[in-house]
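Q: Here you go, sequence then predicted model.
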Amino acid sequence: MRFSRQVLLLQIGVVLLVVGIGVALVSVLLSRTLTDQFSERALAIAKSVAVDPVVMADTAAKIPGGALQERALAVRERTDALFVVITDDNSIRLAHPTPSEIGKKVSTSADRALAGFDDVNTVASGTLGLSVRSKTPIWTPDHRRVVGEVSVGFDVADPTGAFNRLLTITLLFAGGALLLGAGASALLNRRLRRVTHGLEPHELTELLYEREAVLHGIGEGVLAVDENNRVSVRNDEAERLLGTELPIGAAMSELELSPRLHKAVAEGRPVDNLLAVAGNRVLVINSRAVRLDDRPIGTVLTFRDRTDLDTLTRELDGIRALSDGLRAQRHEFANRLHTLYGLLQLGHHTEAVEYLQTLTDSSSARPSELGDAVADPYLQALLVAKTEQAQEKGLVLKLAEDTWVPTTVTDPIAANTVIGNLVDNALHAARMGPRRPATVEIGLLAEGGTLHVSVVDSGPGVPADLRRRLFDEGVSTKIAPGHGLGLALARQAARARGGDVWLADPGEGEPGALFVAKLPGMLTEDG
């Protein structure tokens, strides 16, 4: 049997039990109340007869029938009583509805009434059948002596009939209450099925277990917010990736999260593969709006950690840039060889020697200069690659005169992230600027284990409206989509080592913008 049906039957059973107990209690109370009422009514009639002067006088004189019989019959007629009986102090009947019973002793005890007390609520069987009767003493006018008693009774059928009528009404109300309770139980059962979508408790339990297993077992972070942008569901992976606690019921606006994440939640529209920075991680965010019966109920966001992939991508970009530079050098070297070969074929040996001497001097000049200023091979490769990249774009990339890095770097990937992103942004700014030749100057200076980096370009500078949020993810001066993470990643990589990246000069003067980075622990301190 389905649980909802069990609940319905249990509720109907409880209502039936409560109504049954209520009817039983009402029946007992009604029965007692009606018996008491008829007994009190009989006593009141008996007292009214007992204080009649004629009754008092004839009873004291023990005169049977006559006036006593007339008064007793008249009272019986007016009150619809079963009987009105008057006896003397010896319990001998002086008046009775059946004249033949006059002069005989009463069939029930009158001792209490003859002792001067009222006898109330007595159900007994007499010559006229079962009745509810009450007895009261008849006193002398001076109230000194009991001379007899008056007994008034009503047929038991009278209170029983009244009881039956009241019980019928009670049963009708009880039936109405039972139907009302059953209807309310049915509505509640229907509501229960609707709320639980017809699922049984064991199915809900299984769903809960499955939800917890899926929610905390997947490798992605999951965050669900309701229509008021409050956290409703989250797993441990989401808190780990975002680097902050996500209390259930907390408003998203109160949490320190990525601006892109806040924007994805606020817009409430689907978002695919949105990159965001959270702490020291690069996350890929996907969001979907959830609707139930065409009513929005919230948004579900998933997070994937792309830090390792992004690190490998940046390293690959560095290698690709280096290979592009080497390919350009190979192409240039092949052209020079072809020129030298042509001179030798034509017999211009003197010109060939001079051309070869010129090539040797020019090719050895720059590497020796770079090697003296920067000893680390990773930094040399990066600078060579960026120099070749700049030359391909018609730009000039040069080292500052005070550049001096005599030791090697401890984290080439972090150095490549910071320096590479700063140089890329500077090259773009220089190419878009009005000054020609477009130049970028990079300065590298070692201070113990700390590497100081400065990059200045000949571009137009940083607009005033972008300066305060320049390092926020998604903020970029590039028109093409997919940008706006370079500076955020550079600052993230620097701060992960206890350093920082900042805008030292927005470029309002002659040169362009100046960016400065401080990278503690980036260099080995042994020369």
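A: It's in. If you're wondering where the values come from, they're calculated on a predicted model, not measured in any experiment.
Q: So what's the residue count around residue 149?
A: 28 (other C-beta atoms under 10 Å). Yep, even glycine has a C-beta here, placed from its N, CA and C like the rest.
Q: what's the answer for residue 401, then?
A: Residue 401 is flanked by 9 other residues according to other C-beta under 10 Å.
Q: same question, the one 4 residues further on
A: One way to gauge burial is a neighbour count; for residue 405, by other C-beta under 10 Å, it gives 20.
Q: Contacts only, for residue 444.
A: Residue 444 makes contact with 373, 374, 379, 399, 400, 403, 404, 405, 419, 451, 452, 453 under the criterion C-beta atoms under 8 Å, 6 or more residues apart in numbering.
Q: Check residue 205 and give its pLDDT.
A: Turning to residue 205, the model gives it a pLDDT of 75.
Q: make that residue 446, sorry
A: We note a pLDDT of 91 for residue 446 in this prediction.
Q: from now on call the first residue 466
A: Fine by me, first position is 466 from now on; the one you just mentioned is residue 911.
Q: where's it, which helix or strand?
A: strand 904-912 (DSSP states H and E).
Q: buried residues in that strand?
A: By neighbour count on 16 or more other C-beta atoms under 10 Å, the buried set for strand 904-912 is 904, 905, 906, 907, 908, 909, 911.
Q: Ok, stretch 504-516 next?
A: 504, 506, 507, 508, 510, 511, 514, 515.
Q: Could you do stretch 708-724 as well?
A: Buried residues in stretch 708-724 (16+ other C-beta under 10 Å): 711, 717, 722, 723.
Q: From those, pick the one nearest residue 755.
A: The closest of the buried residues of stretch 708-724 to residue 755 turns out to be residue 717 (C-beta to C-beta; 15.2 Å).
Q: roughly how far apart are the closest residue to that closest one other than its chain neighbours and residue 906?
A: Counting by C-beta to C-beta, 6 or more residues apart in numbering, residue 694 is the residue found nearest to residue 717 once chain neighbours are left out, at 4.7 Å. Plainly put, residue 694 is 46 Å away from residue 906 if you go by C-beta to C-beta, to the nearest Å.
Q: Tell me the span between the first and last residue of stretch 725-743.
A: End-to-end distance for stretch 725-743, by C-alpha to C-alpha, to the nearest Å: 10 Å.
Q: now what about it, what contacts it?
A: Stretch 725-743 has contacts (C-beta under 8 Å, 6+ apart) with 690, 694, 706-708, 717-718, 722-723, 747-754, 761, 764, 766, 768, 771, 938-939, 950, 953-954, 957.
Q: before we move on, what about stretch 568-578?
A: Applying C-beta under 8 Å, 6+ apart, the contact partners of stretch 568-578 are 529, 550, 552, 555-558, 584, 587, 589, 591-592, 598, 600-602, 611, 614, 616.
Q: Ends of that stretch, what's the gap?
A: Start and end residues of stretch 568-578 are separated by 19 Å (C-alpha to C-alpha).
Q: can you pull the buried residues of it?
A: Neighbour count says stretch 568-578 has 571, 573, 575, 577, 578 buried, by 16+ other C-beta under 10 Å.
Q: What mean pLDDT does that stretch get?
A: Stretch 568-578 comes out at a mean pLDDT of 85.
Q: Repeat that for stretch 517-531.
A: On average, the pLDDT along stretch 517-531 is 87.
Q: now the strands for the stretch 816-965 of the chain?
A: 861-864, 904-912, 915-922, 965-970 (DSSP state E, counting those that start in this stretch).
Q: With respect to residue 659, which of the ones you listed lies nearest?
A: Closest of the strands of the stretch 816-965 of the chain to residue 659 is strand 965-970, at 56.7 Å (criterion: C-beta to C-beta).
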